[in-house]
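Visitor: Pasting a predicted model and its sequence here:
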Amino acid sequence: MKLSITKSFISLFVLLGVHLTSVQAAEPSAIDIACQKEPSQITDADFKSLVNFGEALIAEQQKLTLPKDCKTTVKSQGKDSFNPYVAALETAAKQKDLDIFGAILSDFNSSNVSMEETAKAHSELLKYIKVACGQQFACVTQITKKIPTLDIHKSPIFCSLSRVADYTVQDFYKKTTPTPKYPVACLGHSILTENMGLSPMQDWYEAYKLLGQ
């Protein structure tokens with residue numbers, strides 16, 4: 001009887017192990033995430049996976065081969081645009097140059113909208129850039145200069161990369177209640193480095209490092 005019970009438990013554990021293995025195997029890869037999901041559907045876990053894969057591509061520890069059914073275009077502002085996460089991976093893998101990537105990101109930069117909407121759009125732009133550049137700050141700076149529609153000193157997210165933030169950005173943070181905060185933001189308003197006591201410039205760079213980690 002005891003032997004029969006022991007065998008039953010062993011069989012149960014084996015079945016559970018097989019099930020867990022199959023669940024893990026079913027987890028989508030970063031390529032699957034980029035190719036199959038709309039940018040708006042990317043979760044925090046998805047983004048972390050994309051950042052990690054992007055860093056592996058930059059370090060040439062991985063190679064990028066897109067499947068034939070990869071969704072390379074998405075809708076942005078009512079028109080077809082290149083999928084920004086796919087473009088980011090291709091940039092990390094050096095299959096797209098920074099000029100092309102900057103031009104693609106221009107389609108996702110909202111213009112003539114409120115400062116709050118601009119901040120949300122630019123937070124998304126920064127996520128695409130993080131996948132493409134990893135922790136390479138020179139890459140980040142270069143790409144922001146190659147987005148023709150992006151004026152960094154007027155951006156509530158990117159103004160730390162300029163010499164002086166435009167007064168409209170300063171007013172946005174001073175006069176909006178409660179004070180707006182984003183994962184990475186100008187003028188010391190980054191959520192990821194909250195209460196670290198950093199200078200506004202340090203705050204931006206340290207928050208960027210933590211983005212997607």
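Guide: Now that the structure is in, tell me what you want to look at.
Visitor: in stretch 35-50, what's buried?
Guide: Neighbour counts over stretch 35-50 (16 or more other Cβ atoms under 10 Å) mark Cys35, Lys37, Pro39, Ile42, Asp46, Phe47, Ser49, Leu50 as buried. C-beta here means a position set from N, CA and C on the backbone, and glycine is covered the same way.
Visitor: Hmm, I typed the wrong one, I wanted stretch 88-106.
Guide: Buried-residue list, stretch 88-106, by 16+ other Cβ under 10 Å: 88-93, 96, 101-106.
Visitor: Please compute how far it lies from its chain's middle.
Guide: 14 Å (Cα atoms, centre = their mean, to the nearest Å).
Visitor: Equivalent analysis for stretch 143-159, please.
Guide: Using Cα atoms, centre = their mean, the offset of stretch 143-159 from its chain centre is 16 Å.
Visitor: now do stretch 187-199
Guide: 19 Å.
Visitor: Could I get the CA-only coordinates of it as CSV?
Guide: The C-alpha coordinates for stretch 187-199 follow below in CSV (Å, rounded to 0.1, in the frame of the first residue of the first chain):
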residue,chain,number,x,y,z
LEU,A,187,14.3,68.4,-13.5
GLY,A,188,14.5,65.6,-10.9
HIS,A,189,11.0,64.2,-11.3
SER,A,190,11.8,60.6,-12.2
ILE,A,191,9.9,57.9,-10.3
LEU,A,192,12.7,55.4,-10.6
THR,A,193,15.1,57.5,-8.6
GLU,A,194,12.6,59.1,-6.2
ASN,A,195,14.0,60.1,-2.8
MET,A,196,17.6,59.4,-3.9
GLY,A,197,18.6,63.0,-3.4
LEU,A,198,20.3,63.3,-6.8
SER,A,199,20.9,66.5,-8.8
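Visitor: contacting residues around that stretch?
Guide: Residues outside stretch 187-199 that contact it (Cβ atoms under 8 Å, 6 or more residues apart in numbering): 159-160, 165, 169-170, 173, 179-185, 200, 203-204, 206-207, 210-211.
Visitor: and the residue nearest the centre of the chain, what element?
Guide: The chain has Lys127 as the residue nearest its centroid, 2.5 Å off, counting by Cα atoms, centre = their mean. Using DSSP states H and E, the element containing Lys127 is helix 115-133.
Visitor: contacts for the helix or strand immediately after that helix in the chain?
Guide: Using DSSP H and E, the helix or strand that directly follows helix 115-133 along the chain is helix 137-145. Contact with helix 137-145 is made by 98, 101-102, 105, 129, 132-133, 150, 152, 158, 161, 205, 208, as judged by Cβ under 8 Å, 6+ apart.
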